[in-house]
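**Q** Need a 3D model of the sequence below.
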Amino acid sequence: MKYSFSYLIRLEFLGFRFSGWQKQPNAKTLHDIVDKSLSFVFEDSAYKTIGIGRTDAKVSANAYYLQLFRDSEVEAVPFLASLNQNFPPDFRATAVQKVATDFNIIQASKKKEYHYYFSFGAKNHPFAAPFMVN
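**A** Numbers count the residues shown, from 1 in each chain. Purely as a prediction, here's the structure:
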């Protein structure tokens, strides 16, 4: 199906309770959360989403992008507010930008940047607990 409008959406999320981006049976994924939230925002309207790439389980992001395809336009401010109302507290959309329908989110990615955090202490700060792996 060819859609009339395309949008680039920036997301931030804590990924420690998710099994990555890609939809999987019997697993809670980032893509599932996005599509479920959008189904509440758009009700019965058709749409399609594509992520900029896959992520591993428990990966968090400060800037993950997805492309949204629709047949009708969205107004950025009310759309972001509605989307964020339907996201869980550890998930946020921070920006939306209209892009050409022939924009390809996967080919547009020029680089990816990763940050790894290590702790060698016997006692870690409690705020770090969700991010620590034994």
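**Q** For the closest residue to residue 7 other than its chain neighbours, give its distance to residue 114.
**A** Excluding the flanking residues, the one nearest residue 7 by C-beta to C-beta, 6 or more residues apart in numbering is residue 68, at 4.5 Å. All C-beta atoms are positioned from the backbone trio N, CA, C, and that covers glycine. Distance of residue 68 to residue 114, given as C-beta to C-beta, to the nearest Å: 25 Å.
**Q** And the two? Which one has more around it.
**A** residue 68 (24 against 6; other C-beta atoms under 10 Å).
**Q** Assign a three-state SS to the more buried one, would you?
**A** Secondary structure for residue 68, judged by DSSP: H, G, I helix; E, B strand; the rest coil, is strand.
**Q** Am I right that it is in contact with residue 10?
**A** No: checked against C-beta atoms under 8 Å, the pair residue 68 and residue 10 is beyond contact range at 11.5 Å.
**Q** for the most centrally placed residue in the chain, which residues make a bridge with it?
**A** Central residue of the chain (C-alpha atoms, centre = their mean): residue 11, 4.7 Å from the mean position. Using DSSP bridges, the bridge partners assigned to residue 11 are residue 64, residue 93.
**Q** what sits against it?
**A** With C-beta atoms under 8 Å, 6 or more residues apart in numbering as the criterion, the residues that contact residue 11 are 30, 34, 61, 63-66, 91-94.
**Q** which stretches of the protein aren't confidently modelled?
**A** Scanning the chain for pLDDT under 70 picks out 1, 131, 133-134.
**Q** Show me which positions of the helix ranked longest in it end up buried.
**A** Taking DSSP state H as the assignment, the helix of the chain that covers the most residues is helix 30-42. Buried residues in helix 30-42, defined by neighbour count with 16 or more other C-beta atoms under 10 Å: 30-34, 37-38, 41-42.
**Q** Given the next helix or strand after that helix, what are its sheet partners and their directions?
**A** The C-terminal neighbour of helix 30-42 among helices and strands, as given by DSSP states H and E, is strand 47-51. Using DSSP bridges, the strands paired with strand 47-51 are strand 61-70 (antiparallel).
**Q** for the strand it pairs with, which positions count as buried?
**A** In strand 61-70, counting by 16+ other C-beta under 10 Å, buried: 61, 64-70.
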